[in-house]
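**Q** Pasting the sequence and the predicted coordinates here, then a few questions.
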Amino acid sequence: MIQTRTLLLSVAAACIAAFGAALYLQHAMDMLPCPLCVIQRYLFLAIAVFCLIGAYGMPKTGAALALLAAIGGLGTAGRHLWVLGHPGLSCGIDPMETILNRVPTATYLPFLFRADGMCEDALAPVLGLSVPQWSFVCYGLCALVLAWALVRRNRRAY
């Protein structure tokens, strides 16, 4: 049986890898992140941080908070897919972008968290799926794993 710590560390590593993939697409492939992409980056980092907290201290609390972040990510990625499915709509330059770009992390780390792109630019497929589709799949897998970690019986937590 997989130990809870191993499970949480695996989810954290997957979320950090997803964050790294987003940075690769931004800096190497010139795909600028839109506001919804930046929110998804924050949520991937939140899942990773909560999983690390759970792995090294409070497993149930960390897993529960990470699950909430994963559900938020599903909602954000779902909204992104909805915007892509309705071409007349856009999340482009709007109040959300202005607010996101004034957050201290975007001010001090603009290469990580500045929203400069348009949501419609996320259509370029990566291995057959668009970036928001990949995010939705990743958030869904994280949510399933974290929910399983919360409801399973732990004979040995670590």
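**A** Here it is on my side, so go on.
**Q** In contact with the nearest residue to F136 once chain neighbours are set aside: list those residues for me.
**A** Nearest non-adjacent residue to F136, counting by Cβ to Cβ, 6 or more residues apart in numbering: A77, 4.0 Å away. To be clear about C-beta, it is placed using only N, CA and C from the backbone, and glycine gets the same treatment. Contact partners of A77, counting by Cβ atoms under 8 Å, 6 or more residues apart in numbering, are 36, 40, 132-133, 135-136, 139.
**Q** likewise N101?
**A** Counting by Cβ under 8 Å, 6+ apart, N101 touches 107, 114-115.
**Q** Tell me where this protein has helices.
**A** Along the chain, counting by DSSP state H, helices occupy 4-27, 35-55, 59-85, 95-102, 104-108, 110-113, 131-151.
**Q** distance between the longest one and the chain's centre?
**A** The gap between where helix 59-85 is centred and where its chain is centred comes out at 7 Å by Cα atoms, centre = their mean, to the nearest Å.
**Q** Output the below-cut-off pLDDT ranges for this protein.
**A** 1, 88-95, 111, 117-124, 126, 153-158 (pLDDT under 70).
**Q** ok, the residue most central in space within it - contacts?
**A** Residue closest to the average C-alpha location in the chain (Cα atoms, centre = their mean): F44, at 3.1 Å. For F44, the contact set (Cβ under 8 Å, 6+ apart) comprises 15-16, 18-19, 22, 73, 138.
**Q** Which pair of those spans the longest distance?
**A** Greatest spacing in the contacts of F44, by Cβ to Cβ: I16 and G73 (14.1 Å).
**Q** follow-up on the earlier one: could you report the separation of the residue nearest to the centre of the chain from A63?
**A** To A63, F44 is 16 Å away according to Cβ to Cβ, to the nearest Å.
**Q** Please look at L74 and A143 and confirm they touch.
**A** Yes - between L74 and A143 there is a contact under Cβ atoms under 8 Å: 6.3 Å.
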